[in-house]
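# Predicted model and sequence follow; I will ask about them next.
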Amino acid sequence: TIAKSIIPVEKQELLKNVNLIANIRAAGNAYFDQDGFNNFRFQMEQFRLEFKGNISKRTFFRFRDRYTRPATSESVDNISRSTDLAFVEFQMKKDSEFWYLSFGKMCADWGGFEFDTNPIFIYQYTDFIDAADNFLTGIGSRFNLNKQHSISLQVLNTRTKSFDELYPGDVGLIQESKAPLAYIANWRGNLFKDKLQTIWSYSLFNEAKNYFINYASFGLQFTPSKRFQIQFDYKWCDEQLDREGIITNYITSGTAYDDRTAQNTVYNSYWTRIDFRLIPKVNLFFVGFIDKGRWDKANTYYANADSKQDIYTGYCYIPGIEILPSKDLNIKIFVSYVGHDYRFTDFAKSSLNNSNYSNNRFTFGISTPLVFL
Amino acid sequence: TIAKSIIPVEKQELLKNVNLIANIRAAGNAYFDQDGFNNFRFQMEQFRLEFKGNISKRTFFRFRDRYTRPATSESVDNISRSTDLAFVEFQMKKDSEFWYLSFGKMCADWGGFEFDTNPIFIYQYTDFIDAADNFLTGIGSRFNLNKQHSISLQVLNTRTKSFDELYPGDVGLIQESKAPLAYIANWRGNLFKDKLQTIWSYSLFNEAKNYFINYASFGLQFTPSKRFQIQFDYKWCDEQLDREGIITNYITSGTAYDDRTAQNTVYNSYWTRIDFRLIPKVNLFFVGFIDKGRWDKANTYYANADSKQDIYTGYCYIPGIEILPSKDLNIKIFVSYVGHDYRFTDFAKSSLNNSNYSNNRFTFGISTPLVFL
Amino acid sequence: TIAKSIIPVEKQELLKNVNLIANIRAAGNAYFDQDGFNNFRFQMEQFRLEFKGNISKRTFFRFRDRYTRPATSESVDNISRSTDLAFVEFQMKKDSEFWYLSFGKMCADWGGFEFDTNPIFIYQYTDFIDAADNFLTGIGSRFNLNKQHSISLQVLNTRTKSFDELYPGDVGLIQESKAPLAYIANWRGNLFKDKLQTIWSYSLFNEAKNYFINYASFGLQFTPSKRFQIQFDYKWCDEQLDREGIITNYITSGTAYDDRTAQNTVYNSYWTRIDFRLIPKVNLFFVGFIDKGRWDKANTYYANADSKQDIYTGYCYIPGIEILPSKDLNIKIFVSYVGHDYRFTDFAKSSLNNSNYSNNRFTFGISTPLVFL
């Protein structure tokens, strides 16, 4: 029989283990701001092509590239901004699943279930995740302590762009770090027969000489039954230099603004997602989150500011329905409303000249990680 | 026998149905203008990588990306300009080939056989198709009425760039549309035992508030014998706002030009292609087309203009020969001359300061949609 | 047996012959200049995705694209700068391995073993190769004279960017060539039972009207035993117009600099690599090279210049160790030091205001051409 022998055995082994995936999220979006309907348009919200698989028993490879970001060559790590993932992972001990070591551009292993979700299933990211550089180059390791617990440690570049590109107003005033690295520790737990899962993490970024960022996130997932799930994340970030730029953006309209990046900003974020599988083909969900931004150095610029001056609170609420038409494929047809209100404190209104605004949308479409090989 | 079982059955099913194709057109081009030989260079005229296939019985996926366009993130639909196609198509009724529904970035289903041809086999596009945004994001549906007739309907974004980017001179003077969509209807017919085929379409674009574009195209294909084929397209486009920018480009040198996009432009195009298969490995062809551009608002700027002022006529004639060396692969080796003359009307010469010009080339090379998986 | 028949035989044939390869080089780099430690960062030094294989018995296809270069559309050959290779190669005579013909964007077949090495295994390129446009579009042919000798001839565009883009200061002063082509001849030899191999080449570039570049390179490889190998390249390039821009860059700080590209520059380069396989899993290597740059037109600008004025000498020495952990995969884990010193002549120091500098780095990481299909 000819057919059996045409493809060499080694290639069959490769093929068995390799996947080509098109991560798609296409939607029709009607946008509303505080003054009402603004704009309708169709958008390819996500399109990320992915190749992954075991090249050999102990070598794993993963590559994912976006077609919704400019393809560039970034100044720090040399690889395109459009490339999310490009790493090789080695299983370090034969016949063991204990220790893994990765090299390349990878996902910073930040905790929380929001961040852990495939981006195509996210309707709206919290401000912090939306603004962060989530894909960084370096070395990662993972230890599976047992079936319940795993620990990961990463040493990565702290960013993909250079200090000069990110902080142009601070060049000459703040000294660049000679080894601008990020150190990330993560714990994943499966407790009570997988009914309670955790993804917790702590990260330290060296953003400039004597300027650090501390970031912690705590994610919990309860799955009391097959039909019901609750996820909750708490994220806290203290930035001696406002890497995310959210607060920096809001202070540029202030009278005392001096072109510099904000210092001593603190972000707190509370996120939850509730899923209720009405019938196998219908999922009802609710996502809600609150983002808070604080500027602890406001009082060095403004006499009327507190020493821990709150700047804004963002409220987001996303009720929706997902239809899963196929038994074999993970395809979701969704209809949802994303309400997103930004409320500024009196200080931010009067001294920084910000006004409350909304960025809402009615959205419908499909999301699917299409496995085409 | 080991070989049989290595690749899982599901993966074999995927592999059977998925194709990876490199659409290639590489040529040596000697360019001539009205004053004679200008320049010779080799060009990769087309290079489009394509993945397509059935992911499941009722789910089809197609992705095509160019390596001859900058990879960007477009302001309206968020996906790269280099990406032609990125859509998922569902067969809506089980065991039926009647109704198909597509989501994503797709080819606007404009009529005509020129537009329907794989771009690698086009020597020179008519002005209108050359200037149009042919790949748009939205929803499409297709109905196979019977083996002879199919109808398609699409609702797509009217463009990939924002109003501000396309019409900078009209910002503040023309109000943007809140739902800038295009509506496209298409009929494909197979008549007289496939000897006569049709691709007709009508499209309505909402380009700005109270500004519309009407576009119709009528394509006919006669195949009297296996060796002989004639195609003919007529295209008509009436643009309240000159989306294509062809006339806008020609009026910029006029004395009354005010930085604005031309309004009330009308394009008419007549295109034909004749193929004669001399022997199985040799195809003789002739392509000819005439493009005409009119500016119906010329008389509000220029006293000497007609109310329906013709601006230019483009004449293109392309005789050539295609060698098909392989029985198995669709590879064409071509030698051809592209004569392309632009002739301006007296008004366009005297008041708009245009001069007749030519953009001819002698071209040879290969074109092939290489199926490499 | 179901498995046998699912994948059609033709697809099995394709699959057997096609490879998908991720060419990866990821490193941690500590940079040092003449004043000491400067900067540490992780870098994806190389990431090139490759598809290649026989589409039919006589048709070969190869495509390679970088994710470490901006994806653009180049003005001369129309294809993205990120694309290294996109060509089709035909075996011209049935059942013969004598004559091959290629069309598309391909590697200029310059001689030398440095240039012939997969880029992921290069720690530091010589200045000339680093600055050259190595991937050009056109036509190539290869003749396998016998098992010992092959000859290749190429006619390619001389560059990917236009004259205006590369030589902005010379527009209007130097006349552009109407057919700016490069002609490349290459000889590859295997002598003394493969113990001595050669890659020699000569190239002529028509860079502008009456301005030519002559380039020759001579590569030798001795493999006296399985454990020991020496490679040596000599490269010489005489540029009537300084295409590489290395000397042009060094004369911009001179008092008589007039914004023009340097003329009559001569580059000489001596490169060697020595490999010693200590044990099967450990390779010790040393790479050393010397680059010399001369400016034969210096004396038309500066009275104190020689008629063949040397400008600089670059010295590079790279000792290192490569660990090869896998028997099946070509994975290298490397640790190395790259010392790279630039020493200027007295003329270049005093009249052109250059100072000696160093660009050293300590580097560790992995390099592998991962075959994932």
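All right, it came through fine.
# Next up, the contacts around the nearest residue to residue A:206 once chain neighbours are set aside.
Spatially, and ignoring its direct neighbours in sequence, residue A:206 is nearest to residue A:177 (5.1 Å; C-beta to C-beta, 6 or more residues apart in numbering or on different chains). The way it works is simple: take the backbone N, C-alpha and C, and place the C-beta from them, glycine included. With contacts defined as C-beta atoms under 8 Å, 6 or more residues apart in numbering or on different chains, the neighbours of residue A:177 are A:158, A:163, A:206-209, A:211.
# Tell me the buried residues in stretch A:188-204?
Neighbour counts over stretch A:188-204 (16 or more other C-beta atoms under 10 Å in any protein chain shown) mark A:188, A:190, A:197-203 as buried.
# for stretch A:13-28, same thing?
Going by neighbour count (16+ other C-beta under 10 Å), the buried part of stretch A:13-28 is A:13-15, A:17-28.
# Show me the residues you listed that map onto helices.
A:13-15, A:17 (DSSP state H).
# of all these, which comes closest to chain C?
residue A:14 (5.6 Å; C-beta to the nearest C-beta).
# Tell me who's in contact with that closest one.
Residue A:14 sits next to A:53, A:55, C:371-373 when contact means C-beta under 8 Å, 6+ apart.
# if I've got this straight, residue A:250 is in a helix?
Yes - under DSSP: H, G, I helix; E, B strand; the rest coil, residue A:250 falls within a helix.
# For the buried residues of stretch A:188-204, work out which two are farthest apart.
A:190 and A:203 (22.3 Å; C-beta to C-beta).
# picking that back up, which two in the contacts of residue A:14 are spaced the farthest apart?
Most distant of the contacts of residue A:14, by C-beta to C-beta, are A:53 and C:371, 11.3 Å apart.
# Is it correct that residue A:32 is in contact with residue A:357?
No - taking contacts as C-beta atoms under 8 Å, residue A:32 lies outside contact range of residue A:357: 11.2 Å.
# Comparing these two, which shows the higher neighbour count?
More crowded of residue A:32 and residue A:357, by other C-beta atoms under 10 Å in any protein chain shown: residue A:32, with 18 against 13.
# What residues are recorded as beta-bridge partners of the more buried one?
Per DSSP bridges, the residues bridged to residue A:32 are residue A:37, residue A:360.
# ok now do it, which residues does it touch?
Applying C-beta under 8 Å, 6+ apart to residue A:32 gives the contacts A:38, A:358, A:360-362.
# And the residues you listed, which is closest to chain B?
For the contacts of residue A:32, the nearest to chain B is residue A:38 (6.9 Å; C-beta to the nearest C-beta).
# and the nearest residue to that closest one once chain neighbours are set aside, how many neighbours does it have?
Take residue A:38 and drop its neighbours on the chain: the residue closest to it by C-beta to C-beta, 6+ apart is residue A:31, 4.6 Å away. Residues within reach of residue A:31, counting by other C-beta under 10 Å, total 16.
# name the element the residue in the stretch 51-200 of chain A that chain B sits nearest to belongs to?
Residue nearest to chain B within the stretch 51-200 of chain A (C-beta to the nearest C-beta): residue A:71, separated by 3.8 Å. Applying DSSP states H and E as the criterion places residue A:71 outside every helix and strand.
# Please name the residues that touch it.
A:80-82, B:71, B:80, C:67, C:70-71, C:82.
# Over to residue A:152?
Neighbours of residue A:152 in contact, by C-beta under 8 Å, 6+ apart: A:109, A:140-143, A:184-186, A:188.
# How far away from the center of its chain is stretch A:223-234?
Here the centre of stretch A:223-234 is set off from its chain's centre by 20 Å, with C-alpha atoms, centre = their mean, to the nearest Å.
# Residue A:229: what secondary structure?
Once three-state DSSP is applied, residue A:229 turns out strand.
# May I have the phi/psi pair for whichever residue of the stretch 151-300 of chain A sits closest to chain C?
Closest residue of the stretch 151-300 of chain A to chain C, C-beta to the nearest C-beta: residue A:179 (4.2 Å). In terms of degrees, to the nearest 10, the main-chain angles of residue A:179 are phi -140, psi 70.
# Surely it is in contact with residue A:207?
No - using C-beta under 8 Å, residue A:179 is not in contact with residue A:207, being 11.7 Å away.
# okay, these two: which has more neighbours?
More neighbours surround residue A:207 than the other of residue A:179 and residue A:207, with 24 against 12 (other C-beta under 10 Å).
# Around chain C, which positions in the stretch 1-150 of chain A sit nearby?
A:1-4, A:6-8, A:11, A:14-15, A:18, A:51, A:53, A:55-56, A:58-59, A:61, A:63, A:65, A:71-73, A:76-80, A:82-83, A:86-88, A:90, A:103-105, A:137-139 (C-beta under 8 Å from any C-beta of the partner chain).
# Which of these fall within strands?
In this view, the residues of the stretch 1-150 of chain A next to chain C that belong to strands under DSSP state E are A:18, A:51, A:53, A:55-56, A:59, A:61, A:63, A:65, A:83, A:86-88, A:90, A:103-105, A:137-139.
# Could you give me the PyMOL syntax to select whichever of the residues you listed are buried?
In PyMOL, this line selects whichever of those come out buried by 16+ other C-beta under 10 Å:
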select buried, chain A and resi 18+51+53+55+56+59+61+63+65+83+86+87+88+90+103+104+105+137+138+139
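# Alpha carbons of stretch A:20-32, as PDB, please.
Only the C-alpha atoms of stretch A:20-32 are listed here, as PDB (Å, rounded to 0.1, in the frame of the first residue of the first chain):
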ATOM      1  CA  LEU A  20      -1.700  25.900  13.100                       C
ATOM      2  CA  ILE A  21      -4.300  28.100  14.700                       C
ATOM      3  CA  ALA A  22      -6.000  31.300  13.500                       C
ATOM      4  CA  ASN A  23      -7.100  33.200  16.600                       C
ATOM      5  CA  ILE A  24     -10.000  35.300  15.300                       C
ATOM      6  CA  ARG A  25     -12.400  37.900  16.800                       C
ATOM      7  CA  ALA A  26     -14.500  39.700  14.200                       C
ATOM      8  CA  ALA A  27     -17.200  42.100  15.300                       C
ATOM      9  CA  GLY A  28     -19.700  44.800  14.300                       C
ATOM     10  CA  ASN A  29     -19.300  47.600  16.800                       C
ATOM     11  CA  ALA A  30     -21.700  50.500  17.500                       C
ATOM     12  CA  TYR A  31     -19.800  53.100  19.600                       C
ATOM     13  CA  PHE A  32     -21.500  55.500  22.000                       C
END
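# At which residues are the helices of the stretch 201-350 of chain A located?
Ranges of helices in the stretch 201-350 of chain A, per DSSP state H, counting those that start in this stretch, are A:246-251, A:298-301, A:346-350.
# and the shortest one, average pLDDT?
Looking at helix A:298-301 alone, the average pLDDT works out to 96.
# helices and strands around it, which ones?
strand A:309-323 (3 or more C-beta pairs under 8 Å, 6 or more residues apart in numbering or on different chains; DSSP states H and E).
# list the buried ones in the strand it packs on?
Counting neighbours by 16+ other C-beta under 10 Å, strand A:309-323 gives A:309-312, A:314, A:316-318, A:320, A:322 as buried.
# now, which of these lie close to chain C?
Okay, of those, nothing touches chain C (C-beta under 8 Å from any C-beta).
# could you dump the residues you listed to TSV with distance to residue A:261 and pLDDT?
Listed next are these as TSV, based on distance: C-beta to C-beta, whole Å; pLDDT from 0 to 100:
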residue	distance to residue A:261	pLDDT
A:309	16	97
A:310	19	97
A:311	15	98
A:312	17	98
A:314	20	98
A:316	25	98
A:317	31	98
A:318	31	98
A:320	36	98
A:322	39	98
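# Show the low-confidence segments of the stretch 51-200 of chain A, by residue range.
A:95-96 (pLDDT under 70).
# Flag every residue of it that's near chain B.
Within reach of chain B by C-beta under 8 Å from any C-beta, the stretch 51-200 of chain A has these residues: A:67-71, A:82.
# is it possible to export these to TSV including distance to residue C:331?
TSV is the format used below for these (distance: C-beta to C-beta, whole Å):
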residue	distance to residue C:331
A:67	29
A:68	32
A:69	29
A:70	31
A:71	27
A:82	26
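# Drop anything exposed from those residues.
Of these, these count as buried by 16+ other C-beta under 10 Å: A:67-69, A:71, A:82.
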